[in-house]
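Enquirer: pasting the sequence and the predicted model now:
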Amino acid sequence: MMGDPVDPDLTEQLRKLQAKYSAMGQDLSSYLDGLLHADYLTYWDYIHLDTLLSLQSPKTQFPDEKIFIVYHQITELYFSLILWEIDQLSAAESLQETFFIERIQRINRYFVQLRDSFAIMVHGMEKEQFLSFRMSLLPASGFQSSQYRLIEIYSTDMINLVNTTEREALSEYSDIGQQLEKLYWRSGATELASGKTTLTLRQFEKKYMPEFKAAGMKYRDKNLRKLYLKSFPQSLPVIQCLRELDTLANVQWPLAHLRAAGHYLHKNPQDIAATGGTNWQKFLPPRFQKIMFFPELWSPQEQADWGKAAFENNP
Ligand code: HEM
């Protein structure tokens with residue numbers, strides 16, 4: 001009895017597989033046996049759905065705390081995608097302009113999602129519930145997001161992350177250790193009542209400062225700003241997408257976040273002076289922080305207007 005004719009494409013695939021496995025000294029036939037017994041991949045295993053859905057552990061009985069946790073997790077996942085793209089850009093052997101632009105546009109898209117979804121925080125939780133469950137979360141804060149700090153370090157030179165009042169005294173070429181001492185967020189986290197650094201900051205620094213220093217050294221010559229200056233200083237499309245990134249990361253997301261703080265927290269600093277609160281009204285607004293990843297892309301007037309409302313949607 002004649003069998004079905006063997007599909008020539010299949011024969012060719014088998015030949016290629018044979019070559020691949022024998023190059024590694026492996027027996028293809030044993031692997032084919034394994035394939036015969038293997039289960040089909042499922043969606044839930046592939047994305048680790050059960051694990052993903054087991055990663056929310058509210059500290060209180062308030063139902064809206066789950067929204068707070070999940071939204072932070074979503075944000076951290078986007079942050080990881082942003083770092084993923086920057087890492088690939090800085091590792092590229094010969095950086096092409098179209099590749100650079102496409103990857104910055106990906107990052108911008110993630111930031112657009114984060115900016116536009118912040119309404120989930122501002123309007124998507126009952127205020128009373130939030131004000132109650134947040135007291136059970138102290139002294140933890142999104143301030144302690146290491147990925148947020150790494151996005152900053154991967155994107156620009158450390159000098160651009162130094163507190164505005166200290167920036168003049170240091171230069172781009174100062175020792176990284178000295179620049180790290182003066183990072184804008186380190187001076188921001190002080191308690192209103194005592195003027196001391198917050199426990200939030202101390203715990204964060206203890207865990208992450210060595211990693212931030214290592215990242216600063218690693219990206220010193222290949223952060224996004226350096227890549228741009230080295231490879232495409234005159235390119236208008238590159239400049240356009242980097243200006244968008246600067247606006248999204250350092251004005252629009254911070255303003256969306258600030259709106260949430262303003263919605264829930266006391267607006268008068270004195271009200272929270274005794275509760276261990278930070279001076280967030282003076283710390284969070286982008287017009288005070290004046291963080292720009294690419295300062296050379298902004299005119300003196302644009303820099304002076306940084307974070308002002310009219311500027312918000314007009315990169
Ligand atoms: C209702 C929602 C939120 C409120 C009321 C809020 C409030 C605050 C406040 C008051 C601070 C200043 C530091 C402190 O006192 O802890 C802060 C810092 C911060 N939060 Fe939030 N936050 C909210 C949601 C989020 C989310 C979803 C993220 C995402 C990861 C986040 C990330 C951050 C970061 C990165 C900082 C430091 C900002 C900087 O250094 O410029 N926050 N937040």
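Expert: Arrived safely.

Enquirer: for the closest residue to the ligand within the stretch 51-200 of the chain, give me its contacts.
Expert: In the stretch 51-200 of the chain, no residue comes nearer to the ligand than residue 142, which is 2.5 Å away by CB to the nearest ligand atom. Bear in mind the C-beta positions are built from the backbone N, C-alpha and C, glycine included. Neighbouring residues of residue 142 by CB atoms under 8 Å, 6 or more residues apart in numbering: 72, 148, 257.

Enquirer: quick one: contacts for the first one?
Expert: Pointing back at residue 72 there. Applying CB under 8 Å, 6+ apart to residue 72 gives the contacts residue 142.

Enquirer: same question for the second one.
Expert: Contact analysis of residue 148 by CB under 8 Å, 6+ apart lists 79, 142.

Enquirer: what parts of the protein come near the ligand?
Expert: 71-72, 75, 121, 141-143, 145, 148, 185, 200, 257, 260-261, 264-265, 278, 280, 284 (CB under 6 Å from any ligand atom).

Enquirer: can you do 5 Å?
Expert: 72, 75, 121, 141-143, 145, 148, 185, 260-261, 264, 278, 280 (CB under 5 Å from any ligand atom).

Enquirer: can you tell me which of the residues you listed are in strands?
Expert: The members of the residues of the chain next to the ligand all map outside strands under DSSP state E.

Enquirer: for the closest residue to residue 120 other than its chain neighbours, give me its contacts.
Expert: Sequence neighbours aside, residue 71 is the residue nearest to residue 120 in space, at 5.4 Å (criterion: CB to CB, 6 or more residues apart in numbering). Contact analysis of residue 71 by CB under 8 Å, 6+ apart lists 117, 120, 121, 124.

Enquirer: and residue 56, by the same measure?
Expert: The neighbours of residue 56, taking CB under 8 Å, 6+ apart as the test, are 66, 69, 70, 73.

Enquirer: gap between it and residue 72?
Expert: Going from residue 56 to residue 72 by CB to CB, to the nearest Å gives 10 Å.
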